[in-house]
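1. Provide a 3D model corresponding to the input given below.
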Amino acid sequence: MKGKYIVIIAALCGLIASGVGLITNIAGSFFTPIAEELGLLRGAVSMNVTIGNLCFAAGGMMSPRVMKEKNLKTMLIAMTALIAGSTALLALCNNVFLMYVLNGLRGFASGIVGFVFVTIVINHWFFKNNALVTSIAMGFSGLAGAVFSPVMSSIIASSGWRTAYVISAVLMVLLNLPAIFFLPAIDPYVKGQKPYGEKTAAVNTAAEVQESLPINKMLVAMLCVFAVCGAASTSITQHFPGVAAESGLDASVGATMLSICMFVNTGGKIVLGALVDKIGARISMSIYTVLVFAGVLMMMFIPSRAVMFVAAACIGLTYSMATVGTVTLSKEVFGMANYGRTYPTINMCGTMCSAAFSSIIGFIYDATGGYTVTLMIILAMMITAFAIITYVYTNGVKKHKERKENI
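-> The predicted structure is shown next:
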């Protein structure tokens, strides 16, 4: 792989690390200090994440309409300024409602240059190892969270949460600079270049014809359900300390489970991308679905220390299903040409349900006094996801390939 492709990968990784890793995945470090200083309930502060995620989903829906070749640099600069500016202004807030507004703004801006934008660029630039490159970029959301969460916690402890927001804003700008300066275009053919692994432009003619073909709305709905199953299931990971306590284990077990899960968040995506390129998406995602299902069963029926660690690792694979899995299914079912018309909707469903299900788990716990019902729901979600994968690859993908051969 030539240097220009590696630079593009680095630029896209920076966008994901900035817009997801430094916003959503380190948000928990700010809850307690903000609540204590402003005299707020933690639920009121954590609502910032829900609002940000909902606006992130809305931004993703708008991304295909906003991303144009002629204003690519301008758009990247404007979104970076909005993300970093909103983050810096949070340091001045003494009102939680103003925080909601600022988190909504930075969530919307990061959604525009987030998963939808990044995966569309990858689909244009990488025909070979597409799934692996996608998984590497997606993995930087978890990697940034793992790296910067303890850093921000240390800054908050020494200098306060306001200083931490300012430093976060600076880091966001730095992480976005490679995309601003080194991402030449959305489509390489615009600049007279070729995608990695593709030697001719004949695929473009086929894509233009394929784009006029109708989109199967039932398949769109099914992939929306798959995205919901994957994304909503990730919400249980933040409750691992409570799950451990319910099983009679000490607090350190829950914390270790969460750490293992965050490691698998990044590593699992890269492994899934490599597996998709090697053995295909259907087998790879089916394996992941079965492993998550097994992890939930272990957590429910074998609550020993060692088994809970294994279960946490298995359940951590849901992050891969929610991101790389959803991207791969959308691309293989609807093709590159229709990807931009279908994936934003599918991604929005997953993101919105992930934001909502985190609170739903809390309500279920309050109503039942435990996590058993929630874990049973996740089991049902994995069965549903497995069924969708099976149906899609015996119907949707097969028909897509037949249509492609007829073009």
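
2. use CA for all of it now, contacts and neighbours both
-> Noted.

3. and the strand or helix carrying N48, what's its mean pLDDT?
-> Secondary structure assigned from DSSP states H and E places N48 in helix 42-66. Averaging pLDDT along helix 42-66 yields 86.

4. try stretch 248-265
-> When pLDDT is averaged along stretch 248-265, the result is 84.

5. Touching that stretch from outside, list them.
-> Stretch 248-265 has contacts (C-alpha atoms under 8 Å, 6 or more residues apart in numbering) with 139, 142-143, 146, 237-238, 240-245, 305, 308-309, 312-313, 315-317, 319-320.

6. Quickly find the element holding I34.
-> helix 28-38.

7. Against which helices or strands is that helix packed?
-> Identification of packing neighbours for helix 28-38 by 3 or more C-alpha pairs under 8 Å, 6 or more residues apart in numbering; DSSP states H and E yields helix 42-66, helix 130-159, helix 161-182.

8. Could you tell me the angle between it and helix 130-159?
-> Counting by axes from the mean of the first three to the mean of the last three C-alpha atoms, to 10 degrees, helix 28-38 lies at 30 degrees to helix 130-159.

9. Could you list the low-pLDDT ranges of the stretch 201-350 of the chain?
-> The model of the stretch 201-350 of the chain has pLDDT under 70 over residues 201-213.

10. Count the neighbours of the nearest residue to S46 once chain neighbours are set aside for me.
-> Spatial nearest neighbour of S46, excluding adjacent residues (C-alpha to C-alpha, 6 or more residues apart in numbering): F31 at 6.3 Å. F31 has 21 neighbours, counted by other C-alpha atoms under 10 Å.

11. just to revisit the earlier point, rebuild the helices and strands packed on helix 28-38 as a markdown table, extending it with distance to L329 and mean neighbour count.
-> Formatted as a markdown table, the helices and strands packed on helix 28-38 follow (distance: least, C-alpha to C-alpha, whole Å; neighbours: other C-alpha atoms under 10 Å):
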| stretch | distance to L329 | mean neighbour count |
| --- | --- | --- |
| helix 42-66 | 17 | 22 |
| helix 130-159 | 11 | 21 |
| helix 161-182 | 26 | 20 |
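
12. can you redo these as TSV with distance to M257?
-> Output for the helices and strands packed on helix 28-38, formatted as TSV (distance: least, C-alpha to C-alpha, whole Å):
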stretch	distance to M257
helix 42-66	21
helix 130-159	14
helix 161-182	26
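
13. right, so of these, which gets closest to G362?
-> Proximity to G362 (C-alpha to C-alpha) singles out helix 42-66 among these, at 10.7 Å.
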